[in-house]
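Novice: Pasting the sequence and the predicted model now:
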Amino acid sequence: MRSSRRFRAPDRKVFVDLADPEKRTHADILGALAILTRFQEQVDVVLGLNLKEAGEVGDVLGLPGRNDPEASIAESASAIRAKLNLSCVVVHPRGGAAAATKDDVAKFDGPFVQQPKISTGAGDHFNAGFCVGRVLGMTLEESLCVGVATSGYYVRSAESPSAKDLAEFIAKLPLPQ
């Protein structure tokens with residue numbers, strides 16, 4: 001017999017990429033976000049958004065718009081996270097990424113390349129790298145570094161990096177200021 005009691009397993013995490021919500025109604029997006037908030041009752045929810053998606057979600061949630069959305073990604077991640085009460089929200093434009101948890105906000109500038117070999121899949125590579133960092137217990141900033149490096153390596157080479165490739169690529173990144 002299944003128990004109807006809810007339980008909270010803090011070591012369980014789920015990463016959600018909404019995909020492109022552009023063709024969805026505000027009601028559809030709010031419904032999806034409400035489901036994520038309910039998921040948070042049982043698992044730690046990490047919501048990943050590209051810059052455009054973060055703007056659309058912020059708009060649907062009634063958050064104030066930003067004059068320079070890319071420069072204010074940390075503020076956007078923090079505001080969306082707080083409004084939804086999720087474990088973490090990460091926003092990743094092309095030039096870096098930012099993430100917010102209840103206790104921390106971090107930003108990491110990425111290794112932007114003007115002429116990538118490939119761009120389709122860059123966001124998915126970022127998400128995979130960021131998730132690896134979180135699962136391995138890295139700090140928020142370290143997880144962002146792994147995410148932007150995974151994506152940065154991929155857009156330059158059109159190949160997913162091995163652990164060795166990634167370590168060598170990260171070693172060449174400029175140190176954060």
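Specialist: Received the coordinates, thanks.
Novice: Can you show me the strands along the chain?
Specialist: For the chain, the strands defined by DSSP state E occupy 13-17, 44-49, 88-91, 96-101, 105-109.
Novice: of all those, which gets the most neighbours per residue?
Specialist: Across the strands of the chain, averaging neighbours per residue (mean count of other CB atoms under 10 Å) puts strand 88-91 on top, at a mean of 28. (Glycine included, C-beta is placed from N, CA and C.)
Novice: Quick check: mean pLDDT of it?
Specialist: Averaged across strand 88-91, pLDDT comes to 98.
Novice: Who are the packing partners of it?
Specialist: Packing contacts for strand 88-91, counted by 3 or more CB pairs under 8 Å, 6 or more residues apart in numbering; DSSP states H and E, involve strand 44-49, helix 73-84, strand 96-101, helix 140-157.
Novice: repeat that with 6 Å
Specialist: Counting contacts by 3 or more CB pairs under 6 Å, 6 or more residues apart in numbering; DSSP states H and E, strand 88-91 is packed against strand 44-49, helix 73-84, strand 96-101.
Novice: And for L61, the neighbour number?
Specialist: Neighbours of L61 under the rule other CB atoms under 10 Å: 16.
Novice: Next, count neighbours for S119.
Specialist: Around S119 there are 14 residues (other CB under 10 Å).
Novice: cool, the one 5 residues further on as well?
Specialist: As a burial measure, D124 scores 15 neighbours (other CB under 10 Å).
Novice: can you pull the contacts of it?
Specialist: If you count contacts by CB atoms under 6 Å, 6 or more residues apart in numbering, D124 has none.
Novice: next one: K83
Specialist: Contacts of K83 were listed using CB under 6 Å, 6+ apart, and they are L61.
Novice: what do you get if the cut-off is 8 Å, keeping everything else the same?
Specialist: L61, L63 (CB atoms under 8 Å, 6 or more residues apart in numbering).
Novice: ditto for the one 10 residues further on
Specialist: Contacts for P93 (CB under 8 Å, 6+ apart) come out as N50, L51, P69, E70, I73.
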